[in-house]
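Chemist: pasted the sequence and its predicted model underneath.
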There are 2 protein chains.
Amino acid sequence: MDKLFVIKIGGNIIDDELKLSSFLKSFAALKANKILVHGGGKLASRLAEKLAIKQQLVDGRRITDAATLNVVTMVYAGSVNKTIVAQLQANNCNALGLSGADGNIIKAHKRTNAAIDYGFVGDVDLINVSLLQTFLVNSITPILAPITHDSNGQLLNTNADTIAQEVAKALSKLYQVQLIYSFEKSGVLTDVNDESSVISIINQLNYQNLKSTQKIFAGMIPKLDNAFSALNNGVQKVIIGKAEHLQELIEGKSGTTIIHE
Amino acid sequence: MDKLFVIKIGGNIIDDELKLSSFLKSFAALKANKILVHGGGKLASRLAEKLAIKQQLVDGRRITDAATLNVVTMVYAGSVNKTIVAQLQANNCNALGLSGADGNIIKAHKRTNAAIDYGFVGDVDLINVSLLQTFLVNSITPILAPITHDSNGQLLNTNADTIAQEVAKALSKLYQVQLIYSFEKSGVLTDVNDESSVISIINQLNYQNLKSTQKIFAGMIPKLDNAFSALNNGVQKVIIGKAEHLQELIEGKSGTTIIHE
């Protein structure tokens, strides 16, 4: 099976023009099958504020009413996605931006939760593996915005980490998939204030230990649980680390690599 | 050669939720190779106004500064494009939205004009015929937003009528192309206030006559000149008419059909 890198780029990089441009250069230079998934950073919140659309957060999650859905669609699928695609084209990477509605790439359903109404938020049902493969075979690099659809005409705001994970899992039937979460931190840290305290390798054995001795920042636990879920579903390797070190992350010289055992 | 319909949908339809939804239903029902090109209507102007970004028009053309480019990218390639794609998916049309940067579908250059600086406005250089054909062969319907790129990372605001025309011309090497401009009017009228005064057929012979006797509204002349330019470059037929009558337009039962002779 061919190798495939599914790379998620975090919000704080999107917000920083120089860091984004440097990341996209190394992404473009990566000679392999690859898919990029991006968030929207603070740009959506900033636009909502300018438009006086009140943002409501519950447990750090954005409640997506109709006005907010329009804002995230404009920012994620519009300005952020097209800016990234145009820059990759300038770096000789034949990028093609997609929301989940485009080519029915990601079908989702509106989240229903007895306790909280998240509004137009989608949970992923199905990845269009065959169309993604068609793009890759034709040397086209899909750039996924975190917007999905429900097949009934409704767009849905969807977590970019989840999209990256679901795409990685779905494509692991056809490719040797490595899932990379790249962001502003150097990896999984034992001391959240010390960028040199990166844990190089986490496997299921030492993960339990790291958790029980509280050596991992609580905020990383869901990310790591997701990483192991991906590994349990066919993904070969999950790497977490600094966006500026993409090449080193892939070579295992930087960041945290999460493997099954 | 197979038939291909390149259909431009005008701004006033985009602004009207019901008319748009009705148009998209008939577009989805059209069983043929098809490409949709859309504008953004007044939505971009409205968003610019809300964001207090001054819009400057010279001879009815929008000057596109950096802030305005961001607005049109968000509206055209973001909300309008994805809303259309999601609705088409709901109508069993496998639509896929594209700006010119995506898959390098439309390469353009920044317009340079000694008299007026239009800002980030693009004139079309090249249509990626082979990728558009790949989509059509795979039963995917391209939905083109009027945003292009210059291959150096710059997005450019580009006239949707021009994009429709250039796409139609470029694809006429591979398909029997019919170019349809659908909007809120019934066709080319001899009396602009009388929707029943549609001229059914215009060819080069009666066009000169209609022009010299001033029977055509001056605003239609550039559209018709463009139509003849398309016919001179391989396009079979240009049809202008009401978006709500798409099927009738195609059957020649409604609107104005422009043919070579």
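Modeler: Yep, that arrived. Not measured: the values here are computed from a predicted model. Residues are numbered from 1 along each chain as shown, chains lettered A, B, ... in the order given.
Chemist: what residues does the stretch 101-250 of chain A put near chain B?
Modeler: Contacts of the stretch 101-250 of chain A with chain B, taken as C-beta under 8 Å from any C-beta of the partner chain, map to A:101-104, A:131, A:134, A:138, A:140, A:147, A:149, A:151-155. The C-beta positions use only the backbone N, C-alpha and C, and glycine is treated the same way.
Chemist: name the nearest of the residues you listed relative to B:Ser254.
Modeler: If you rank these by distance to B:Ser254 using C-beta to C-beta, A:Gly153 comes first, at 26.8 Å.
Chemist: can you tell me the closest non-neighbouring residue to that closest one?
Modeler: Distance criterion C-beta to C-beta, 6 or more residues apart in numbering or on different chains; nearest residue to A:Gly153, sequence neighbours excluded, is B:Ala90 at 3.6 Å.
Chemist: and if you look at A:Val129?
Modeler: A:Ala170 (5.2 Å).
Chemist: tell me which element the one you found falls in.
Modeler: helix A:160-171 (DSSP states H and E).
Chemist: for A:Ile35, same thing?
Modeler: Here A:Ile35 sits within strand A:33-38, counting by DSSP H and E.
Chemist: do whichever helix or strand comes after that strand and chain B meet?
Modeler: Using DSSP H and E, the helix or strand that follows strand A:33-38 in sequence is helix A:43-50. Yes - counting by C-beta under 8 Å from any C-beta, contacts between helix A:43-50 and chain B involve A:Leu47, A:Lys50.
Chemist: contact partners of the helix or strand that helix A:43-50 is followed by?
Modeler: Per DSSP H and E, the first helix or strand lying C-terminal to helix A:43-50 is strand A:56-58. With C-beta atoms under 8 Å, 6 or more residues apart in numbering or on different chains as the test, strand A:56-58 has contacts from A:Arg62, A:Ile63, A:Asp65, A:Ile116, A:Tyr118.
Chemist: so what does the residue of the stretch 51-200 of chain A found nearest chain B have for phi and psi?
Modeler: In the stretch 51-200 of chain A, the residue that lies nearest chain B is A:Gly78 (2.2 Å; C-beta to the nearest C-beta). When read as degrees, to the nearest 10, the backbone of A:Gly78 gives phi -90, psi -90.
Chemist: one step back: out of the residues of the stretch 101-250 of chain A next to chain B, which end up buried?
Modeler: Listed as buried from those are A:101-104, A:131, A:134, A:140, A:147, A:149, A:151, A:153-155; burial here means 16 or more other C-beta atoms under 10 Å in any protein chain shown.
Chemist: and for chain A, the residue most distant from the center?
Modeler: Most distant from the centre of chain A: A:Thr213, at 28.4 Å, with distances by C-alpha atoms, centre = their mean.
Chemist: so A:Asp161 touches A:Tyr181, yeah?
Modeler: Yes - between A:Asp161 and A:Tyr181 a contact is recorded at 6.9 Å, counting by C-beta atoms under 8 Å.
Chemist: could you pull out the helices for the stretch 51-200 of chain A?
Modeler: A:66-72, A:81-90, A:129-137, A:160-171 (DSSP state H, counting those that start in this stretch).
Chemist: next, the angle from the last one to strand A:33-38.
Modeler: For the pair helix A:160-171 and strand A:33-38, the angle between their directions (axes from the mean of the first three to the mean of the last three C-alpha atoms, to 10 degrees) equals 160 degrees.
Chemist: got a pLDDT number for the residue nearest to A:Val129?
Modeler: Looking at A:Ala170, its pLDDT is 98.
Chemist: then the one 3 residues further on?
Modeler: Per-residue confidence (pLDDT) for A:Lys173: 96.
Chemist: can you check the one 4 residues further on too?
Modeler: Looking at A:Val177, its pLDDT stands at 98.
Chemist: quick check: bridge partners of it?
Modeler: Under DSSP bridges, the beta-bridge partners of A:Val177 are A:Leu4.
Chemist: residues near it, how many?
Modeler: 27 (other C-beta atoms under 10 Å in any protein chain shown).
Chemist: ok now stretch A:133-152, how far from the chain's centre?
Modeler: 13 Å (C-alpha atoms, centre = their mean, to the nearest Å).
Chemist: what distance separates the start and the end of stretch A:119-131?
Modeler: 29 Å (C-alpha to C-alpha, to the nearest Å).
Chemist: just for the stretch 101-250 of chain A, where's the confidence low?
Modeler: A:114 (pLDDT under 70).
Chemist: no more questions from me, cheers.
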